[in-house]
Every structure is written in structure tokens, then in C-alpha cells.
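A.B. asks: Here's my sequence, what's the structure:
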Amino acid sequence: MTGLADLVRLRVQLRDVKPTAWRRVVIPATIRLDRLHRVVQAAMGWEDAHLWSFHLHGVDYGPETGRNPSVPFAQFRLRPGERFTCVYDFGDWWEHEVRVEAATPADARGFVPRCVGGNGTCPPEDCGGPAGYAEQVGEALGLSASLDLADFAEFGRDLLAAKESGDWSPITNPDRLDDLDRIVRRSQRRLRFTEPFSKGAANDRLHALAGAEQETDP
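C.D. replies: Residues are numbered from 1 along each chain as shown. Next up, the predicted model:
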């Protein structure tokens, strides 16, 4: 996927999603749109399990809708500052705004495609699109999170008191332990919405993608 072509830096941002999720990627200008789609998937953290399409210069390109996406990105001659969109999952309708930031000479020091920046968590698959995701975020990080934190604090105080008194019955009560188990499970699910962006993890996925494509190239 590298070659000797010039490189293009893109900023990919998921629209209508809070907290904001975006990635900055460097790609070879000669990359095909179908491969650029896989770069977006890997950089964002999607699972590539649904249909997709690009919209450039008023035309749709995709495997099931629009024109054949096996065309080189360079043929569109996009300049820094120009934008286009990529939609993933026509049911949930995740729309990514892609902005061309810069075009640079080829750099032999780094592999491409590569992720050079980003922020925010990619939503889970099949969660109902931006509206469904917003509802999940609200449920995960809203009042219930504050209540669970208060319950954790209370359990911690009771644990210290039990250690001091030697009476463990208040915290070994089966109902209390069941409540604690539910709180822990809810807190673990919340990690999905608060996990920080990892450039290393994004590049691991891009490395794996490049390796898989080299194996399938003629």
C-alpha cells in the first residue's frame, strides 16, 4: 500500500456524535477508495460489518450503491481544505466527514497508511446510530453513574468498618453482594464510553490490515 507516491493527510470525524470521535491518518495518494474505506474502519475502530459508500464531487462510490469504488483517490485531485463524506452502516447511518489537510512527499521513515492522531471512542456496532449512541452515553454516564459511585463509596466505608469491628455480615449479605455485582457490571460497561483513544491500537489495526492486503494482492 505504500509505493513511492506522495502522501495525503486526512482528518476523519464522526458526525453528530458526542463525545467527539476523530482520527488523523496519512495515506498514499494512490490508494483506492475501497482500501481507503478499510483504513477508515481500522483507524476508527469499526468492525467492517456493514455496507458503506463515499460521496465525492456529487457522486456515490460503494460496493452495493453508486459507482465502483476501485478507483484511485488521487484521480479526484482534492486540495487541502476540501471535504467529502463516508457513510458506514446504512441502518445506523454513521457519517464521517473527511477533510484533506495536507499533501506531502513520500516519507520512507514511517509506514502508510498510519494514524498520527485522534480522540474519542468509536461507538459500538448496531447501537442505533447517533441517537441510540447518545441515549446509551446518557444512561452510562448520567445519574446512574453518580448513584453507583455513591454505592461504591458506601461499600468502601462498610468494608473499613467491618475490618475494624470484625463483623463482616453487613458486606457478606447475599443481597448486598448481588447489588455490588450489578454495580460492577454496569461500571465495566461504562468503560466502553470512557476508554481513551490509543494511537498505538489504531496503528496495530492498520498494520494488520496492510499485512492482510499484501497477502491478497496478486
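
A.B. asks: Let me know how buried Leu56 is, in neighbour terms.
C.D. replies: Using other CB atoms under 10 Å, the number of residues around Leu56 comes to 21. Using the backbone N, CA and C atoms, a C-beta is placed for each residue, glycine as well.

A.B. asks: Need the residues that contact the strand or helix carrying Gly211.
C.D. replies: Following DSSP states H and E, the helix or strand that holds Gly211 is helix 199-216. With CB atoms under 8 Å, 6 or more residues apart in numbering as the test, helix 199-216 has contacts from 1, 23, 35, 38-39, 42-43, 45, 111, 113-118.

A.B. asks: and Leu10, that's in a strand?
C.D. replies: Yes: the secondary structure assignment for Leu10 places it in a strand, going by DSSP: H, G, I helix; E, B strand; the rest coil.

A.B. asks: ok, now which ones touch it?
C.D. replies: If you count contacts by CB under 8 Å, 6+ apart, Leu10 has them with Arg24, Val25, Val26, Ile27, Val98, Arg99, Val100, Glu101.

A.B. asks: Tell me if I'm right that the fourth one and Phe111 touch.
C.D. replies: Translated: Ile27. No: proximity of Ile27 to Phe111 does not meet the contact threshold set by CB atoms under 8 Å, at 11.2 Å.

A.B. asks: More neighbours: those two, which one.
C.D. replies: Comparing Ile27 with Phe111 by other CB under 10 Å, the one with more neighbours is Ile27, at 23 against 14.

A.B. asks: Kindly provide the distance from the residue nearest to the more buried one when sequence neighbours are not counted to Arg24.
C.D. replies: Spatial nearest neighbour of Ile27, excluding adjacent residues (CB to CB, 6 or more residues apart in numbering): Pro113 at 4.6 Å. The span separating Pro113 from Arg24 equals 11 Å under the rule CB to CB, to the nearest Å.

A.B. asks: Looking at these two, which one has more neighbours?
C.D. replies: A count of neighbours by other CB under 10 Å puts Pro113 above the other of Pro113 and Arg24, at 26 against 20.

A.B. asks: Does that one touch Ala29 like I think?
C.D. replies: No: contact criterion CB under 8 Å: Pro113 and Ala29 do not qualify, at 11.3 Å.
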